[in-house]
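Undergrad: just to be clear, the model below is a prediction. Sequence and coordinates:
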Amino acid sequence: MRKIKVAKAIIILIIIYVISIFLFFLIPKKPILTPIYELIETNVLPASTSTLITELNLPPEIKWKELYYEIENILEDAQEKYAVWIEYLHTSESISINSDTIFKPASIYKVPLAVLVMQKIDQGELTLETELFLSEKDHQYEFDALAKRGENYNISVDELLYYLIRYSDNTAVNVLERALGGYYTGIELMKSELGVTTFTKDPQEVTAEDIAIIFRGIYKKEYLSKESNDYLFDHLTNVMHWHNDRIAAGVPEGISVAHKIGNLDGIYQDAGIVFGEQRDFIIVVLNENVNGVNAKEIIQKITEITYNYLN
């Protein structure tokens, strides 16, 4: 009798096991989604993100083609006078117009110069407290803030960087270039250390893509220590208010922008990073032979429409 009960128990266990195996393969599994923060941090998204976007309540996919046509409409007949680069920083998706055409960087050149100086600080060759000699020969334009302070005195690297980025001071350029070993040494360092192809002051040559490379490297902390990167971001997001009439004027109030304008005769451009509510992006708008008022309005419009598409 006892053997019969044991046999029945074994049979019941076997039946339960078979049923469980059957149900395991019969019942559909809920797909496993990679956490969005992992996708963002590794810059890897699935080939099709529509399901992911819906289930995680993310902003809609970017309609890049529509955005491209919108920018073309803004530029109208002036398209050959402009270069544009728009890049969503988490995936490196981008659109561009004339991005490999040579334009003049003007004062945007000061951004990679600042990065190289900060690299020297990270390497221990300079400190923010290091004092450099400012001579009369360093003055380039009378309107520069440092030119108005006189000449033949020592000034700290910290103060030079402050005027370089926030005031776009040209006297600071000459002093800091000398600290790097001279202008031509700096240009070679931009190629070898920052990964650009063309970014020169004499002659004035750059492409929108090379400017995007610099801002991408800053955003992703590829060039500097965290402390130095934060220091640079602080300057780029706190430029003098009269520099905020282009990209910064095209984003909603309260949105942070790390950027650098560039002005020369017939040139009124801007480039930087917009920290959107949902998406951060690079925007570069270069130009030549343009009217200042119209150029600033065009950059504002391109920024505004880009912000709306990405956020």
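TA: Great, that's in hand. Worth saying up front: this structure is predicted, and the values here are computed from it rather than measured.

Undergrad: distance check, the nearest residue to residue 201 once chain neighbours are set aside against residue 64.
TA: Leaving out its chain neighbours, the residue that sits closest to residue 201 by Cβ to Cβ, 6 or more residues apart in numbering is residue 109, at 5.1 Å. Any C-beta I mention is one placed from the backbone N, CA and C, and that applies to glycine too. According to Cβ to Cβ, to the nearest Å, residue 109 and residue 64 sit 29 Å apart.

Undergrad: looking at these two, which one has more neighbours?
TA: Comparing residue 109 with residue 64 by neighbour count (other Cβ atoms under 10 Å), the higher total belongs to residue 109, at 25 against 15.

Undergrad: all helices of the stretch 51-200 of the chain, in order?
TA: Using DSSP state H, counting those that start in this stretch, the helices of the stretch 51-200 of the chain run over 64-75, 110-122, 157-166, 170-179, 183-194.

Undergrad: need these in TSV with mean pLDDT, can you?
TA: Shown next, in TSV, are the helices of the stretch 51-200 of the chain (pLDDT from 0 to 100):
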stretch	mean pLDDT
helix 64-75	96
helix 110-122	98
helix 157-166	98
helix 170-179	97
helix 183-194	96
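
Undergrad: okay, the ones you listed in JSON lines with distance to residue 260 next?
TA: Shown next, in JSON lines, are the helices of the stretch 51-200 of the chain (distance: least, Cβ to Cβ, whole Å):
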{"stretch": "helix 64-75", "distance to residue 260": "21"}
{"stretch": "helix 110-122", "distance to residue 260": "5"}
{"stretch": "helix 157-166", "distance to residue 260": "7"}
{"stretch": "helix 170-179", "distance to residue 260": "12"}
{"stretch": "helix 183-194", "distance to residue 260": "15"}
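
Undergrad: nearest to residue 143, out of these?
TA: helix 170-179 (9.1 Å; Cβ to Cβ).

Undergrad: between the closest one and helix 183-194, how many degrees?
TA: Angle, helix 170-179 to helix 183-194, by axes from the mean of the first three to the mean of the last three Cα atoms, to 10 degrees: 80 degrees.

Undergrad: hmm, back to that, what's the closest of the helices of the stretch 51-200 of the chain to residue 305?
TA: helix 64-75 (5.1 Å).

Undergrad: send the alpha carbons of the closest one over as CSV?
TA: What follows is helix 64-75, C-alpha atoms only, in CSV (Å, rounded to 0.1, in the frame of the first residue of the first chain):
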residue,chain,number,x,y,z
TRP,A,64,15.7,64.8,-39.3
LYS,A,65,14.5,65.1,-42.9
GLU,A,66,11.8,67.6,-42.0
LEU,A,67,14.2,69.6,-39.8
TYR,A,68,16.7,69.7,-42.7
TYR,A,69,14.0,71.2,-45.1
GLU,A,70,13.0,73.7,-42.4
ILE,A,71,16.5,74.9,-42.1
GLU,A,72,16.8,75.1,-45.9
ASN,A,73,13.7,77.3,-46.0
ILE,A,74,15.1,79.6,-43.4
LEU,A,75,18.3,80.1,-45.4
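
Undergrad: and the contacts of it?
TA: The contact list for helix 64-75 (Cβ atoms under 8 Å, 6 or more residues apart in numbering) reads 79, 82, 84, 86, 93, 95, 97, 298, 301-302, 305-306, 309.
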